[in-house]
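# When you get a sec, could you give me coordinates for this:
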Amino acid sequence: MNRLKSASLALLVLTSLLVVPTATSQAAGNGSNSQHSDGQTQSEETPWSFGDVPGGSPFANGGHHGVEYPTRERARSFATDSVIGSGNVVYHANGSIMPDPKVYLIWYGSWASNACSDNSISSTTTPGIINYMISNLGNSAWNSVDTSYFHVIGNTVAYVKPTMPIMGCMVNASVQGTTLNALTYTSTNATKSINDVVTYGLKNGLSTDPNGIYLVLTSADVVVNGFVNSATSKFCGYHDNMSAPNGTNVKSAFVGDPGTLVASCAGQIAASPNSNINADAMASVIAHELVETASDPLGNAWYDGAGYENADKCSWDFGTASDTTTLASGAIKNTIIGGRDYLIQQNVEANTNICLLTASARPSAPTITSFTPTSSTVGSTVTITGTNFSTVAAIGFGGVLTPTFTVKSATSITVKIPTGAVSGPVTVTTISGTATSAAKITLPVLKPTITSFTPTFGSPVTITGTNLLGATAVTFNGVAGAITGTPTATSLTATPPAIGTTGKITVTTPGGISTASTATYYFPATFSATAPFTPTSGLVGA
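Just a heads-up that it's a prediction; the model follows:
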């Protein structure tokens with residue numbers, strides 16, 4: 001299943017904190033791609049479904065992921081912290097996060113014309129309360145939990161940054177209509193979709209940003225099929241990904257004003273921290289969708305054994321009584337973002353299964369005291385001994401990283417040497433830093449191989465194979481090309497020579513010269529003034 005091409009929606013399951021809805025619950029299904037409880041060893045399980053919405057790992061088959069209505073299996077209360085799903089939220093190899101998320105707001109419907117500029121700490125309007133929260137969310141204590149999430153792409157580890165600025169905003173006065181489709185619904189001539197709203201924004205002033213989250217916020221008079229104000233009431237919000245008009249993959253999210261159905265999407269309905277029950281209800285759902293989009297934008301990076309993303313596991317869990325404060329109005333708040341009070345659901349840190357309102361204390365930087373054996377081969381197991389291994393993201397061998405390993409304890413890790421690894425220091429990377437061994441591991445230098453390349457004519461050419469790290473030369477039918485960028489163990493990019501002849505490609509590394517490629521690279525035919533083509537005239541078709 002190709003998760004990169006599937007939609008990514010994070011359904012937040014709805015539970016009223018103080019007043020529990022009487023509707024029945026939609027339980028999540030079992031399975032998904034997951035890792036064992038140590039958070040490091042991958043295993044493959046079956047797809048899942050979330051309520052009536054197609055799911056996957058967690059997003060496949062055109063599904064989305066978000067905050068579902070009504071409640072899950074049980075109501076929440078301030079009595080206990082409870083987490084749902086199956087096991088830790090763990091990283092799945094090659095999955096992507098958004099290291100530098102940015103927000104683009106689309107206020108859709110009958111919002112005031114100043115909805116984008118209303119951002120005062122004293123504002124009582126829904127746009128003002130929401131704009132202020134998002135503007136200050138990135139570096140808040142609440143969002144610090146999400147900064148524990150990372151990805152390992154190539155030989156780079158990247159974490160979610162503690163920033164989430166608003167980079168653009170527009171007010172759309174229902175140009176696409178007052179009834180919209182979402183979830184598995186598609187656009188029709190009569191009914192446009194949330195994605196159509198985003199596309200309109202991208203065509204009318206909003207920048208196309210691969211690091212952007214395009215958040216559509218509908219007013220209470222806009223019916224969104226699948227939202228709590230529609231006949232197919234299922235959710236309070238979701239996140240997704242889509243193609244922009246220029247083909248760039250961008251991330252989108254939707255949260256609506258539930259209007260008179262606010263009890264379906266609110267943590268409290270008698271009073272709220274900002275004296276605007278609908279805005280405060282939207283605030284928690286928005287926070288849920290933003291952190292899930294940052295940590296799992298394509299549905300292929302972070303989720304548990306049941307397909308739950310991080311915020312899903314704490315849906316409608318606002319903490320215990322000790323985490324909250326009752327204000328003079330009778331409203332309950334559990335966090336301060338910027339200078340305003342909010343009641344926002346909790347979140348879980350990477351590789352954990354505990355709901356938190358703020359990040360746990362970060363451990364000290366890791367150290368490596370030894371590893372065994374000191375001489376080995378690709379695929380063999382190495383044991384690394386040191387300190388502060390509780391939040392490991394990746395292990396490196398000669399600069400080649402792997403996100404697959406087993407943390408035995410805070411002082412011991414076992415890991416299989418990844419394909420493409422070369423002799424050199426061993427590294428351990430955590431959220432607190434990277435440790436580099438004093439000793440070097442010795443690995444055999446293997447001959448490179450070429451499995452494919454693209455394109456078969458033109459430039460640049462991307463070559464895929466094995467043992468390509470450290471490549472020093474590429475030839476095109478015997479004529480040297482130029483390596484561009486830094487080769488990895490499995491890929492390199494090269495520029496063909498300006499003049500050459502059609503033939504095979506070879507790669508040279510310290511391990512030797514590869515066997516010539518199976519496929520052929522084609523150069524265009526060349527002509528000169530002194531040796532022109534012949535004949536110079538003839539009949540059509542001759």
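
# so who does residue 258 touch?
Listed by Cβ atoms under 8 Å, 6 or more residues apart in numbering, the contact partners of residue 258 are 220, 227, 228, 229, 236, 264, 265, 266, 278, 281. For every residue, glycine as well, the C-beta is placed using N, CA and C.

# okay, the residue nearest to the third one when sequence neighbours are not counted: pLDDT?
Read that as residue 228. Spatially, and ignoring its direct neighbours in sequence, residue 228 is nearest to residue 264 (4.4 Å; Cβ to Cβ, 6 or more residues apart in numbering). Among the per-residue scores, residue 264 shows a pLDDT of 89.

# tell me the pLDDT at the nearest residue to residue 455 once chain neighbours are set aside?
Nearest residue to residue 455, sequence neighbours excluded (Cβ to Cβ, 6+ apart): residue 461, at 6.8 Å. Looking at residue 461, its pLDDT reads 98.

# Make a markdown table out of the contacts of residue 258 and add secondary structure.
Converted to a markdown table, the contacts of residue 258 look like this (DSSP: H, G, I helix; E, B strand; the rest coil):
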| residue | secondary structure |
| --- | --- |
| 220 | coil |
| 227 | strand |
| 228 | coil |
| 229 | coil |
| 236 | strand |
| 264 | helix |
| 265 | coil |
| 266 | coil |
| 278 | helix |
| 281 | helix |
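
# Name the member of these with the most neighbours.
residue 236 (33 neighbours; other Cβ atoms under 10 Å).

# could you pull out the helices for the chain?
126-137, 194-203, 277-295 (DSSP state H).

# Tell me the spacing between the residue nearest to residue 356 when sequence neighbours are not counted and residue 401.
Counting by Cβ to Cβ, 6+ apart, residue 145 is the residue found nearest to residue 356 once chain neighbours are left out, at 5.3 Å. Between residue 145 and residue 401 the computed distance is 24 Å (Cβ to Cβ, to the nearest Å).

# ok, the two, which is more surrounded?
Taking neighbours as other Cβ under 10 Å, residue 145 and residue 401 compare with residue 145 leading, 26 against 22.

# So residue 489 sits against residue 419, correct?
Yes: assessed by Cβ atoms under 8 Å, residue 489 is found in contact with residue 419 at 6.2 Å.

# Name the residues contacting each of the two.
residue 466.

# Quick check: which of the helices of the chain is buried the most?
helix 277-295 (a mean of 28; mean count of other Cβ atoms under 10 Å).

# and it, what's its mean pLDDT?
Helix 277-295 comes out at a mean pLDDT of 97.

# Run through the residues that contact the residue nearest to residue 455.
453, 454, 455, 481, 493, 494, 495, 496, 505, 521.

# Residue 465: which of the contacts of residue 258 is nearest?
residue 236 (47.8 Å; Cβ to Cβ).

# Residue 258 versus that closest one, what's the distance?
7 Å.

# rewinding a little: and the residue nearest to residue 455, how far is that from residue 188?
Distance from residue 461 to residue 188, by Cβ to Cβ: 43 Å.

# Over to residue 381?
56 Å.

# ok, back up a step: these two touch, right, the residue nearest to residue 356 and residue 352?
No: with contact defined as Cβ under 8 Å, residue 145 does not reach residue 352; the gap is 9.4 Å.

# got the buried residues for stretch 318-325?
With burial defined by 16 or more other Cβ atoms under 10 Å, the residues of stretch 318-325 counted as buried are 318, 319, 323, 324.

# just checking, which of those residues belong to strands?
Using DSSP state E, no member of those falls in strands.

# got these as JSON lines, with distance to residue 240 columns?
Converted to JSON lines, those look like this (distance: Cβ to Cβ, whole Å):
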{"residue": "318", "distance to residue 240": "26"}
{"residue": "319", "distance to residue 240": "29"}
{"residue": "323", "distance to residue 240": "31"}
{"residue": "324", "distance to residue 240": "32"}
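
# For residue 405, state which of these is nearest.
The closest of the buried residues of stretch 318-325, once distances to residue 405 are taken by Cβ to Cβ, is residue 319, at 32.7 Å.

# I figured the closest one hits residue 346, correct?
Yes: between residue 319 and residue 346 there is a contact at 5.8 Å, judged by Cβ under 8 Å.

# so who does residue 181 touch?
187, 188, 191, 192, 193, 194, 224, 225, 226.

# which residues touch the closest residue to residue 179 other than its chain neighbours?
Counting by Cβ to Cβ, 6+ apart, residue 179 lies nearest to residue 223, which is 4.7 Å off, once chain neighbours are set aside. Taking Cβ under 8 Å, 6+ apart, we find residue 223 in contact with 178, 179, 180, 229, 230.

# List only those of the residues you listed flagged as buried.
180, 229, 230.

# from memory the first one sits against residue 229, does it?
Looking back up the chat, that one is residue 180. No: taking contacts as Cβ under 8 Å, residue 180 lies outside contact range of residue 229: 11.0 Å.

# Which parts of the stretch 101-250 of the chain are strands?
102-108, 150-153, 156-159, 166-172, 179-181, 192-193, 212-218, 223-225, 235-243, 249-256 (DSSP state E, counting those that start in this stretch).

# so what does the first one touch, helix or strand wise?
The reference is to strand 102-108. helix 126-137, strand 166-172, helix 194-203, strand 212-218 (3 or more Cβ pairs under 8 Å, 6 or more residues apart in numbering; DSSP states H and E).

# hang on, the earlier thing: can the helices of the chain go into CSV with extra columns for distance to residue 389?
Converted to CSV, those look like this (distance: least, Cβ to Cβ, whole Å):
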stretch, distance to residue 389
helix 126-137, 31
helix 194-203, 42
helix 277-295, 22
